[in-house]
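Participant: sharing a model prediction with you, sequence too.
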Amino acid sequence: MDTLPAPGARRPSPASLDLAIEGMTCVACAARIEKVLGRLPEVTASVNFATERAHVGFDPARTDEAALTDAVARAGYTARVVDTGPGAAEGPESVAAAAAADASHRAATRALLLSALLTAPLLAQMAGMFAGRHDWMLPDAVQLVLATVVQFAFGRPFYRSAWNALRGGGANMDVLVALGTSIAWGYSAVVTFVEPGGHLYFESSATIITLVLFGKWLEARARSRTGAAISALVALQPPTARIERRAAVGAAAAPAAAPAAATVPDRVEVVEVDVAQVRPGDILQIRPGEAFPVDGEVVDGRSNVDESMLTGESLPVAKAGADPVFAGTVNGTGALRVRATGVGSTTALARIVRLVSEAQGSKAPIQRLADRIAGVFVPVVLVLAALTFGGWMLSGASLVDALVPAIAVLVIACPCALGLATPTAVIVGIGEGSRAGILIRNASALEAAHRLDLLVVDKTGTLTTGRPRVVEVVAFDGATEARVLAVAAALEADSEHPLAHAIRDAGAAGASAAGTADAGLPAARAEDFEAVVGRGVRATVDGRPALLGAAEWLQAEGIPMPARPVHAADGRSASQDGDRLTWIAVAHDGRALGLVGLADALRTDTVDAVARLQAAAIEVRVMSGDHQAVTARVAAEAGIHSYRARCTPADKAAEVVRLKAAGHSVGMVGDGINDAPALAAADVSFAIGSGSGIALHTADITLMGSRLSQVVDAIDLSRATMAKIRQNLFLAFGYNALGIPLAAAGMLDPVIAGAAMAASSVCVVGNALLLRRWRPAPFPPTPKGT
């Protein structure tokens, strides 16, 4: 929980940054910007239309930020560098973006209402004409005025965007809208002056623009909801903090009888300040029910803290002296004094916001097909419209009868639906995952997870709680149990492995019970520490060599081990407990001192999670560095039939590679440094949130709740997201494949075509938003039969 994947993990070039892009109206715009940026030396770019962000990798020696923004500007768009570095504060950026989006939404609402108000009379006369009420017809001059205002006042953004796209050498959806409505308006304007009383199409041009404005308004409104997860996370952090300030008490206030050399006491004042003013080391006072404004550690007090916003865990976590607390989590019933350790962008909350934001801006591989089609979509539609017009003219149709279907083709074609099909579902899916304590690094991982058919899991800390305890100590001849624990604790003093924690705790308890003098504790901490990967550790204790690890490794190092080490308590051999305990051998000065036996319990959700994985046709295998008997016992208790023991980190990675070569889509779940190579080799890697920093940095998906059941939830979320993406792509392709031929055949009026175009994007985004109904499985799992 205290370590999260560092922000900015995607580094395609020596440097990278994010650009906020303004002016994009469809996915063709995004494709155009990618091409423009890609032409710069040593630059790679990925532009996400849904998030209006570009992630750019570049070589600072050949390209700078100004060159990037200038290139975007030359293409007809506006770019602004988004500060996502370690010193960036998430709150202000998010607040500014939200304010800008709100202002843009209000302006779009006003434009839509005014455009609809001016279009309504034109639509009313058309409705009256269908009803046989020719007295509803407006004078030609009135129609011209109304349509002209709509065309060039409220349609101006389409012209501006179309011009920018054409000037930059590309074409977008606005080129189609501007061209189609201009033809309808221009033809009607000519008829107004040349042939008064002739048939006019002012209602078509005005209605198309109004409907497109309405579609964009709905689209923007729906897309804003896809970012609700990030907004909710940012809102968790309180804007102010109550910190202690110390002021020296005046000399007059000191007791008169105080000695001259006495220290003048400090008076503590509690001051409420903006959270941005809090610095590491400041002491904060947190009242019951308040949210923590920064990360820190408890200095004084006891309480229970609701960490569900970070972990998805509903049960509160007990906090006392030196325990970590995190920004955005909520204090329970006790008052706490907390020392700030992480502020601003260094808090766990800020890192999560950045991680989610970066992941939502990434592209899934399935999106590449839609991007390639969208890149040539508009030119193809222009050709189809020209062919439609030419075909009707060759068939003997009049100019008007040939223009109407050509306009309908231009208007109904919608690359936006294609562009939004994948990223909107990805944004919602990753956002919902973050709500459930599942942090997904990028869209590729979200997509790949649904294909997994085999999951390799570590044992300690993954299937089990990772909090083993020492339950047996066997001292060999000439040694005491206290001495065995003391040397073992010294060897494990600097290790973060769960077994090391248990040995240190047992060593400290033994020293406290026996007294330091009698316990035989080493005179100093271990020196010259060396970790032997997958085997154990060696160091110098009391000036003499010491080893800790598997008995076989100690024997290989020349340490003789008793044939049947015996318990002092009951005479049973340690090997008799081999299926129950994990045994670690300890040696000092070339002699085996004894064995330390540790036991670890399964996580409460392990059995249920394994059953759910197997029910989902995903095979589960255990790979552990522990003994064969212990690994077999844990696998059996978890309901797993395939396991492998005594694995080194290289063994785990090699096995993952072998399984992938055999045709499996392999996931790996781990929590420690020794799991990092296998995590990196897997198709999708999952890290338990309470694990080591290296594991968390390596993994594609971080499980903040530290529960194996969250792996199942992540895979379920991936499958739900991919289902929505496929549905969206079907809708987008199907809409264009059906609509364009109908329009070319003259079966769709341009007004109907405009309405259909507006509806297509809204349908795609709305379908993606249905993902917000996804929920993780309840925890703890409900017992069967209840």
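Facilitator: Everything's here; your move.

Participant: for residue 529, give me phi and psi.
Facilitator: Main-chain torsions, residue 529, degrees, to the nearest 10: phi -70, psi 140.

Participant: ugh, wrong one, I meant residue 17
Facilitator: Note on residue 17: its backbone torsions stand at phi -150, psi 170 [degrees, to the nearest 10].

Participant: residue contacts, it?
Facilitator: The contact partners of residue 17, by CB atoms under 8 Å, 6 or more residues apart in numbering, come to 55-56, 58, 65, 68, 81-82, 84. C-beta: built from backbone N, CA, C; applies to glycine.

Participant: filter those residues down to the ones in strands?
Facilitator: With strands taken from DSSP state E, the overlap with the contacts of residue 17 comprises 55-56, 58, 81-82.

Participant: neighbour-wise, give me the winner out of the residues you listed.
Facilitator: Counting by other CB atoms under 10 Å, residue 56 has the largest number of neighbours within the ones in strands among the contacts of residue 17, with 29 neighbours.

Participant: can you name the residues bridging to that one?
Facilitator: Here residue 56 sits in beta bridges with residue 17, residue 45, as judged by DSSP bridges.

Participant: all helices of the stretch 1-150 of the chain, in order?
Facilitator: Ranges of helices in the stretch 1-150 of the chain, per DSSP state H, counting those that start in this stretch, are 27-38, 65-74, 90-130, 140-149.

Participant: quick one: which of the ones in strands among the contacts of residue 17 is nearest to residue 471?
Facilitator: residue 55 (50.8 Å; CB to CB).

Participant: per-residue confidence at the spatially closest residue to the closest one that is not a sequence neighbour?
Facilitator: With sequence-adjacent residues excluded and distances taken as CB to CB, 6 or more residues apart in numbering, residue 55 is closest to residue 46, at 5.0 Å. On the pLDDT scale, residue 46 is placed at 85.

Participant: what is the neighbour count of residue 46?
Facilitator: Under the criterion other CB under 10 Å, the count of neighbours that residue 46 has is 19.

Participant: quick one: it and residue 54, what's the gap?
Facilitator: From residue 46 across to residue 54, the span is 7 Å (CB to CB, to the nearest Å).

Participant: next, show the common contact partners of these two.
Facilitator: Shared between the contact lists of residue 46 and residue 54 (criterion: CB under 8 Å, 6+ apart) are residues residue 34.

Participant: still on that earlier bit, now, among the ones in strands among the contacts of residue 17, which is nearest to residue 603?
Facilitator: Proximity to residue 603 was ranked across these by CB to CB; first place goes to residue 55, at 36.2 Å.

Participant: mind listing what's buried in stretch 650-664?
Facilitator: For stretch 650-664, the buried set under the neighbour-count rule, 16 or more other CB atoms under 10 Å, comprises 651-653, 655-656, 659, 664.

Participant: in helices only, show me those residues.
Facilitator: Cross-referencing these with the helices (criterion: DSSP state H) gives 651-653, 655-656, 659 as the overlap.

Participant: which one of those residues is nearest residue 268?
Facilitator: For those, with residue 268 as the reference and CB to CB as the criterion, the closest is residue 652, at 52.3 Å.

Participant: still on that earlier bit, and which of the buried residues of stretch 650-664 is nearest residue 617?
Facilitator: Each of the buried residues of stretch 650-664 was scored against residue 617 by CB to CB, and residue 664 proved nearest at 12.1 Å.

Participant: surely the closest one touches residue 455?
Facilitator: No. No contact is recorded between residue 664 and residue 455 when judged using CB atoms under 8 Å, the distance being 9.8 Å.

Participant: can you give me the strands in the stretch 301-450 of the chain?
Facilitator: With DSSP state E, counting those that start in this stretch, the ranges of strands along the stretch 301-450 of the chain come out as 303-306, 317-319, 324-325, 330-331, 336-342, 438-440.

Participant: and residue 637, how far from residue 603?
Facilitator: The span separating residue 637 from residue 603 equals 11 Å under the rule CB to CB.

Participant: looking at those two, which one has more neighbours?
Facilitator: Regarding residue 637 and residue 603, a neighbour count based on other CB under 10 Å identifies residue 603 as having more, with 21 against 15.

Participant: residues contacting the spatially closest residue to the more buried one that is not a sequence neighbour?
Facilitator: Using CB to CB, 6+ apart and skipping the chain neighbours, the partner closest in space to residue 603 is residue 465 (5.6 Å). Shown in contact with residue 465 (CB under 8 Å, 6+ apart): 600-603.

Participant: looking at residue 465 now. What's its pLDDT?
Facilitator: 81.

Participant: distance-wise, check it relative to residue 394.
Facilitator: When CB to CB is applied, the distance between residue 465 and residue 394 equals 78 Å.

Participant: most neighbours out of the contacts of residue 465, which is it?
Facilitator: Counting by other CB under 10 Å, top hit in these: residue 600 with 23 neighbours.

Participant: which two among the buried residues of stretch 650-664 are spaced furthest apart?
Facilitator: 651 and 664 (17.2 Å).

Participant: nearest residue to residue 288 in space, please, no chain neighbours.
Facilitator: What sits nearest to residue 288 in space, not counting adjacent residues and going by CB to CB, 6+ apart, is residue 333, at 5.0 Å.

Participant: so who does the one you found touch?
Facilitator: Contacts for residue 333 (CB under 8 Å, 6+ apart) come out as 288-289, 303-304.

Participant: give me the buried entries from the residues you listed.
Facilitator: Burial by neighbour count, 16+ other CB under 10 Å: within the contacts of residue 333 this picks out residue 303.

Participant: which one of the contacts of residue 333 is nearest residue 165?
Facilitator: Distance ranking of the contacts of residue 333 against residue 165, using CB to CB, places residue 289 first at 53.3 Å.

Participant: what distance do you get for the closest one to residue 348?
Facilitator: Computed as CB to CB, the residue 289 to residue 348 distance reads 21 Å.

Participant: for the stretch 601-750 of the chain, just list every one of the helices.
Facilitator: Ranges of helices in the stretch 601-750 of the chain, per DSSP H, counting those that start in this stretch, are 606-615, 628-638, 649-661, 676-681, 693-698, 709-744, 750-769.

Participant: isn't residue 382 up against residue 176?
Facilitator: Yes. Contact between residue 382 and residue 176 holds when scored by CB under 8 Å: they sit 7.5 Å apart.

Participant: find the residues that touch each one of the two.
Facilitator: The contact lists of residue 382 and residue 176 share residue 410, where a contact means CB under 8 Å, 6+ apart.

Participant: neighbour-wise, which of those two wins?
Facilitator: residue 176 (29 against 17).

Participant: and the nearest residue to the more buried one once chain neighbours are set aside, how many neighbours?
Facilitator: With CB to CB, 6+ apart as the criterion, residue 176 has its nearest non-adjacent residue at 4.6 Å, and that residue is residue 410. Residues lying near residue 410 (other CB under 10 Å) number 34.
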